[in-house]
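Asks: give the three-dimensional model of this entry:
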Amino acid sequence: MASFQENESSALNTEPFIVDWKIVREERQRLNNSKVAELITENNISELLKTVNTKELDRVLKEVKLTSNELFSQCRNNEVLKTVLSGRISKNATRQGTKDEDLQISTCNHTSEKRGILVENLSATAYRPTKNGSILTAKELKEQNISKDECLKSFDGKISGKINGWIFAKVVYGSGGHQDNVFEEADTICEWIVKYRDMTEFFVILIDTDLQSKFDTIKNKYESAKNIIVVNHIDFQKYIIQNF
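Replies: Below you'll find the predicted structure:
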């Protein structure tokens, strides 16, 4: 069993864990495609329809003028057709943001827990900030008859231990559509924090992105806010290592 001194030394020598999001997403896409191909081979149509991007499947069916059963049957024993179809209708890894956010937060927790800080993932409905400044659970929202229209986006993570607070987490690579909305959401939540929340709470705007100018705009805008930090997953870990 390691001594207290050894454990303390290990914590002091902590290095941040680094995630290469390009590799993570490429591997997830490969697994998505592989799963679809496997289900086509097994003729597991019911599970297949739960797994694929159904909107893209509908587009393919209209293009080839076949039913789903006919299409899968033609591809089942043809590796080339099966591979092409699987790549076309599998879910897009870049649209699976929840998995990215879970990895962001769990990666940071590997470092933070060594410094007495728990960083935990939250479900999409666990805690939601209301537009009048409260943070409520799904049960409390229901009991108080507060609709989603009266709330902001739910928090992705919770911080407890030596510090207590909340995390807004996103992985954003490439511009356009939802990607651009992330920075608007981040700005909105920061404005809400400044207006309503006091210094007893700590808020982390955790964004990993290649859109550096948009990230810098948010970071610079709230640099003077004492209870907000705008960081990527590496710098959040460095912040914890340096301060705790």
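
Asks: what is the subsequent helix or strand relative to the worst-scoring helix or strand of the chain on mean pLDDT?
Replies: Least confident helix or strand of the chain, by mean pLDDT, DSSP states H and E, is helix 4-12 with a mean of 44. Using DSSP states H and E, the next helix or strand after helix 4-12 towards the C-terminus is helix 21-42.

Asks: distance from that next one to the middle of the chain?
Replies: Relative to the centre of its chain, helix 21-42 is centred 18 Å away, using C-alpha atoms, centre = their mean, to the nearest Å.

Asks: what is the burial count for Asn181?
Replies: For Asn181, the tally of surrounding residues (other C-beta atoms under 10 Å) stands at 13. From N, CA and C alone the C-beta is placed, and that goes for glycine too.

Asks: show me where the chain has strands.
Replies: 117-121, 127-129, 135-137, 157-161, 165-172, 202-209, 228-231 (DSSP state E).

Asks: in the first one, what's buried?
Replies: Yep, that's strand 117-121 we're talking about. Ile117, Val119, Asn121 (16 or more other C-beta atoms under 10 Å).

Asks: closest to Arg25 among those residues?
Replies: Asn121 (18.6 Å; C-beta to C-beta).

Asks: contacts only, for the closest one.
Replies: For Asn121, the contact set (C-beta atoms under 8 Å, 6 or more residues apart in numbering) comprises Glu101, Asp102, Ile105, Ser106, Asp156, Gly157.

Asks: quick one, what contacts the second one?
Replies: What that stands for is Asp102. Counting by C-beta under 8 Å, 6+ apart, Asp102 touches Asn121.

Asks: do you know the pLDDT at it?
Replies: Per-residue pLDDT puts Asp102 at 94.

Asks: do you know how far it is from Glu201?
Replies: 22 Å (C-beta to C-beta, to the nearest Å).

Asks: what of the fifth one?
Replies: Here Asp156 is placed at a distance of 15 Å from Glu201 (C-beta to C-beta).

Asks: what does the first one give?
Replies: The span separating Glu101 from Glu201 equals 20 Å under the rule C-beta to C-beta.

Asks: so the two - more neighbours on which side?
Replies: Each of Glu101 and Glu201 has its neighbours counted (other C-beta under 10 Å); Glu101 has more, 22 against 15.

Asks: for that one, which non-adjacent residue is closest in space?
Replies: Among residues not flanking Glu101 along the chain, Ala169 sits closest, at 4.4 Å (C-beta to C-beta, 6 or more residues apart in numbering).

Asks: Asn132: neighbouring residues, count only.
Replies: 10.

Asks: can you pull the contacts of it?
Replies: Glu150, Tyr196.

Asks: OK, contacts around the residue most central in space within the chain?
Replies: Compute the mean C-alpha point of the chain, and by C-alpha atoms, centre = their mean the closest residue is Glu101, 2.1 Å away. The neighbourhood of Glu101, defined by C-beta under 8 Å, 6+ apart, consists of Asn121, Asp156, Gly157, Ala169, Lys170, Val171.
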